[in-house]
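J.: sequence-free structure coming up:
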């Protein structure tokens, strides 16, 4: 007789169970879990071993890597049924005998851990590699780490650590090389990170690793439309679902529902309108995540879909839909820099070069998806524990939104698994706080990777019209930059980004005549917000590209061109600030000394066999050819 | 998210067929490395299946055998096996060359060749390599208690994106490939980075030469990611065998490859790269097979 | 066929909050066991601020970095230090910690001087020990000192510190302002190899020189530079978040491409460490300055290698190869034109 057991869902959000017996970190365990659990869910949610993380759930980031029967696999891609009677090793107890393995000690010593979120997976990948290969070279190490993404470190010190671990294991260097010696003097010392031990062992807790008794799980219903009017939201069927404790929408917000770093234009859940795909519409807090997700499908939202606007140039035109009542022509912010007289400058120029540059909308891609835990304390203070980069500001905003005195709102910043500016905006803490208040139970919310992508801020894309006038000797006599940026549905950091992009955009050059426009525009795209270098990445990209273009036309070496124009001590900036001490030339000279530089016009050797004398000096890496570890096998 | 009414780890082939008989719409999975990422926002979204049959522990599907002429891969052969199994390294090094471009170490342990083939993604990395080995796929079904086998050339088995000749209540037993002992081989792939990346163009070449006569005795070129199905370039192969081989001939013949790009997106790019890959991979495979040739154009540079 | 090239770019960046007053406050206590408790608005986000602050405090307080305990960043428990961003952590909070510790140590030295009957100026505290200059007997561990002061004198050593950076807002018409007190200058050189068959760019080496001020922990500064370079590389070559009529085309890591370990160059950090004159510690910052020169250096290097200028990021293989083909066409047009001119 077949084993078939028909076990359809009885209640909404309930799933059939499966009994799983496995050996985990040397201990035999038997548990009953929902049959859709993957190994990562089994380890983290059932066994509370939170060292390994779920950075993406789709097998792309490697933070979930663990050993099953000796093979390193991605546990977010492994249905739990596959590990019945298997032997599982997670990062949490890798160091059963000694406290920390050689690999973990090497990671600590080399400064390989920054935010730490990718590190448990990296430790597992390194461990797996060194178990398979006793003496991998640097290229083979890189291939062994090819399934693990890091966003903070740039990988170099992680690879260094694997080399150190390899050498200690092969006794090429003594074990004392792993020791954290006291370094004096302490200022300027390469002190190994004090938080690294917690990160290499997976002991450090991030928000998604935290649990409280009687905790509810939150799921958020998000808008499928980029622009629509919300006609009605019917939560009755969802509310009636057993296990659902509370459902909140914008109508439940007690105070003044607007937040924003510069312009307070964003409600914690969509109010009257949804303005981008992924905007929060309703939040459900239930006994299990499965119930919350299933109940969310019963919420009926009646939308009147409107014609959205997606191109910032079009959004600025008269007649375009006005996304916010206070922003004429959808302009969020227009920053102006005007110094000297650019038109006069262009008249004096021997050469005028124009070009248009574009930068893309960028995702922060911190390995830790957003998460948070909120609860109300005995004295009535509502606390939100989350990886927020700006709890001071968030507390201000939340106090107003919840209609409470500021000292009855408490924000705690959890260890952040990467921020880069993407965790500066208060896009979910409001819902968490409100749900905790209404349910009087702790509430946890963990974003999926996809949610993090569509709901959180992005780096502003810029379109930059560049016009530069120069003299034959390379002196810049006029710089004009007109920059337009898609700010997305809400302001977030747009005003600040426009400011910074304009102030820094023309570059570290002594310029008499400067004209910069930086215009941020509302559209129905994902909001653009703070991201590492905050507008200066985009505008300086244009300037540094443009200088090379000009160098070629002037038949000058690009470093020479910069030397003619770089600021020196006592320079006046484009905002008319005097800077007493300017080390720009010192940096460039030091750089050339270390890197070497063969002077000449850009692309002078294009097409012909001539080569630069500074290339291929052995300091660069070899170009990557995969399969370096094929050669380490036995010859067959 | 992927959910199911039932998920059974099958113990044997008959166990699989029992479940299929009771529930013909059952989804068969091996590694699950394609299915779980697919059931997420941005792709299929939440997916609920009534019945899943996990065949990864069925012994009859887990084998790697070889003789002087052929290699036999069970359905559960993993992509890691492509790199690690000594028989495969000897008889079909093109599989290992393909494997290093396939996802990453972790996924290679989990992903199976049957899973990759039945998923029939146009960008599937293993198909060009398998095609270059004249691979045939063995399918089994159970009728009145008896297991019946049929063999289909791989090129005919894949019909389109996500579509194959697999019938309901049928499953993949394994694959039969020609041994490439004595052949040279090469695998090329390009994406947007160097690891864990979806192919924009991928290609495999195996070739046998007679260096004394300066001819190619046998050459097989499999391409992927440039159309709805992976293909062999039979016309080009014939031209390469017809006459004494020179790098100029290879260069000219490779140009014809651009016709085989059927993708509607990034078509210009794919045409250009495919032609370059065909030329580059043929030279590389011939070099490995014992015919030292330098790529046309690079020859002139040296002169 | 592959071609190599090199490109250079300069950069600059302002430290701490833009065009607005910036502030950070700190409390410190010399605690039992000669340990130190510090309360300020900071939590580690990966840049290394935790370790850096402990080094600063250890230096000021005469103890070791692992003797320092930093309180969680909790609005109900610690003084405000504003946000974690804008390359402001070491600059604002590091300086505030130094100020607070200096105040605490002033009190400590006065108390110990009182205890020993000497001039405070002769008291030294380094590496867990406190002593009177040139005295063979007047010395003890910081552990003992803390205990003695508490038990016998009823003194708990506490200090507080504030650091403010004075910035002015932008004039709305012409942008005139002092947006920051301190700037970080820098430059980077990138060496790339372009594959003419596929348009792929591999970045083989990046050298980075940055004017980082006084360095608290060079390993951490390098780590930030290396991370910034690789993030810049991603922006330059592979990262693009796409939307079509508002629907997201890249909602995950399969379509949104990030650099892996196989994509990184060899990276060399050159630190220019002249102390910043405007702050007690002389520190500046590096988190953001290190990311602005990378992308243009790579794009300039691609131009140097193959004569293709990418003005729209990212410089995907498709764009580079299209540029190479276009250039070939234009060159052959030029050659044909020259040929026909010769013939004419």
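T.: That came in fine, so what should we check first? This structure is a prediction, so every number in the text was calculated from the model and none was measured.
J.: and the closest residue to chain B within the stretch 1-150 of chain A, how close does it get to residue B:106?
T.: Residue of the stretch 1-150 of chain A nearest chain B, by CB to the nearest CB: residue A:147 (2.7 Å). Where C-beta positions appear, they are placed from N, C-alpha and C, glycine not excepted. Taking CB to CB, to the nearest Å as the measure, residue A:147 falls 5 Å from residue B:106.
J.: same question, residue C:250
T.: From residue C:250 to residue B:106 the distance is 23 Å (CB to CB).
J.: where do the contact lists of residue A:147 and residue B:106 overlap?
T.: Common neighbours of residue A:147 and residue B:106, using CB atoms under 8 Å, 6 or more residues apart in numbering or on different chains, are A:62, A:65, A:74, A:125.
J.: check which helix or strand covers the first one.
T.: Residue A:62 is part of no helix or strand, with elements assigned from DSSP states H and E.
J.: and it, how many neighbours?
T.: As a burial measure, residue A:62 scores 32 neighbours (other CB atoms under 10 Å in any protein chain shown).
J.: isn't it up against residue B:107?
T.: No. If you go by CB atoms under 8 Å, residue A:62 and residue B:107 don't touch, sitting 9.7 Å apart.
J.: intersection of neighbour lists for the two?
T.: Common neighbours of residue A:62 and residue B:107 (CB under 8 Å, 6+ apart) are A:74, A:147.
J.: now do the same for residue B:252: helix, strand or coil?
T.: Following DSSP: H, G, I helix; E, B strand; the rest coil, we place residue B:252 in the helix state.
J.: tell me the spacing between it and residue C:335.
T.: Applying CB to CB, the value for residue B:252 to residue C:335 is 21 Å.
J.: how about residue A:152, what does it touch?
T.: Contacts of residue A:152 (CB under 8 Å, 6+ apart): A:114-115, A:118, A:418, C:46, C:223, C:227.
J.: helices or strands up against the helix or strand where residue C:337 lies?
T.: Residue C:337 is part of helix C:317-343 when elements are defined by DSSP H and E. Counting contacts by 3 or more CB pairs under 8 Å, 6 or more residues apart in numbering or on different chains; DSSP states H and E, helix C:317-343 packs against helix B:267-289, strand C:183-195, helix C:294-306.
J.: in that helix, what counts as buried?
T.: Within helix C:317-343, the residues that count as buried by 16 or more other CB atoms under 10 Å in any protein chain shown are C:317-325, C:327.
J.: and that helix, average pLDDT?
T.: The average pLDDT within helix C:317-343 is 89.
J.: please apply the same query to stretch A:186-202.
T.: For stretch A:186-202, the per-residue pLDDT averages 95.
J.: go on, stretch B:31-49?
T.: Averaging pLDDT along stretch B:31-49 yields 96.
J.: please report phi then psi for residue B:142.
T.: phi -120, psi 120 (degrees, to the nearest 10).
J.: need the nearest residue in space to the residue in the stretch 151-300 of chain B that chain A sits nearest to, chain neighbours excluded.
T.: Nearest to chain A in the stretch 151-300 of chain B, going by CB to the nearest CB, is residue B:195, at a distance of 3.4 Å. Closest residue in space to residue B:195, ignoring its immediate chain neighbours: residue A:146 at 3.4 Å, by CB to CB, 6 or more residues apart in numbering or on different chains.
J.: so that neighbour: helix, strand or coil?
T.: coil.
J.: could you dump the contacts of residue A:152 into JSON lines and include distance to residue C:150, secondary structure and neighbour count?
T.: Output for those, formatted as JSON lines (distance: CB to CB, whole Å; DSSP: H, G, I helix; E, B strand; the rest coil; neighbours: other CB atoms under 10 Å in any protein chain shown):
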{"residue": "A:114", "distance to residue C:150": "38", "secondary structure": "coil", "neighbour count": "31"}
{"residue": "A:115", "distance to residue C:150": "38", "secondary structure": "coil", "neighbour count": "29"}
{"residue": "A:118", "distance to residue C:150": "44", "secondary structure": "coil", "neighbour count": "32"}
{"residue": "A:418", "distance to residue C:150": "41", "secondary structure": "coil", "neighbour count": "25"}
{"residue": "C:46", "distance to residue C:150": "37", "secondary structure": "coil", "neighbour count": "31"}
{"residue": "C:223", "distance to residue C:150": "39", "secondary structure": "helix", "neighbour count": "27"}
{"residue": "C:227", "distance to residue C:150": "43", "secondary structure": "helix", "neighbour count": "29"}
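J.: contacts only, for residue C:273.
T.: Applying CB under 8 Å, 6+ apart, the residues near residue C:273 are C:212-215.
J.: and the residues you listed, which is closest to chain B?
T.: Looking across these and measuring by CB to the nearest CB, the closest to chain B is residue C:212, at 29.7 Å.
J.: wait, that closest one touches residue C:286, no?
T.: Yes. Counting by CB under 8 Å, residue C:286 is a contact partner of residue C:212 at 5.0 Å.
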